[in-house]
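>>> please work out how this folds:
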Amino acid sequence: TKYYPATDDEKHRLRQQLGISPSTLTVISIGGCSYIKRHEDILQAIAIARNQYPDILYLHLGEGDKTEEEKHLCDSLGISSVTRFLGNQKDVRPYLIASDVYVMTSRNEGMPITAIEAMACGVPSVFYNEQGLRDFNQYGKCSVLVEEQPAKLAEAILALRSDQALHQRLVSQARSYVTQAYDMPTNVRKIFELYQ
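Here you go, the predicted structure:
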């Protein structure tokens, strides 16, 4: 009930509030700034993608021991004007539904909650092909998996902008998957049945 897709009106209104134009390709990541999360690859991918599609914006939610290092890299790549470091946020749904693509480039993951939240909100995801991230695709194509290269990440982000059929297919399959796998009443019932 907390994470669900936006209506067109809601997305438009939120983007207006955040100062994001309707045509801007908005990419989001959520997670602490650390060695594991590998945000430097996202920043490099944004720089690459911007060469082909200048109207791009990266919303960076989260803080950590590498925040300042990431900000310096952002400056050196010349993408400060299209990157917003938004720190830790208590309510991430407004930022998710204002976005077009969710990305995660972790070196390894368990079961990332923010990825589930993004899928539940109807935001298509691009993940590095790593353990924990590739697991979302074990029952169907719920995300685009790419090899660990910023250029591949940029290519996938741009593909989701241009290929609306792929975009809609990922959104539909991911939403169906998270609804079945992570629905609270369903899982509470299954746990109850297990102990009976």
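>>> how close does the residue nearest to D135 when sequence neighbours are not counted get to Q149?
Counting by C-beta to C-beta, 6 or more residues apart in numbering, D135 lies nearest to M111, which is 7.5 Å off, once chain neighbours are set aside. Using the backbone N, CA and C atoms, a C-beta is placed for each residue, glycine as well. From M111 over to Q149 the distance is 24 Å, taken as C-beta to C-beta, to the nearest Å.
>>> and if you look at D41?
8 Å.
>>> so between these two, which is more surrounded?
Higher neighbour count among D41 and Q149: D41, with 20 against 14, using other C-beta atoms under 10 Å.
>>> packing partners for the longest helix anywhere in the chain?
Taking DSSP state H as the criterion, the chain has its longest helix at helix 164-182. Other elements packing on helix 164-182 under the criterion 3 or more C-beta pairs under 8 Å, 6 or more residues apart in numbering; DSSP states H and E are helix 113-120, helix 150-162.
>>> may I see the buried residues of the last one?
Going back to what we said before, that points to helix 150-162. Residues of helix 150-162 classed as buried by neighbour count (16 or more other C-beta atoms under 10 Å): P150, K152, L153, A154, E155, A156, I157, L158, L160, R161.
>>> and which of those residues is nearest to V178?
L160 (18.0 Å; C-beta to C-beta).
>>> contact partners for that closest one?
D100, V101, P124, V126, V144, L166, H167, L170 (C-beta atoms under 8 Å, 6 or more residues apart in numbering).
>>> for T83, same thing?
By C-beta under 8 Å, 6+ apart, the neighbours of T83 are L43, I46, L57, Y58, H60, C74.
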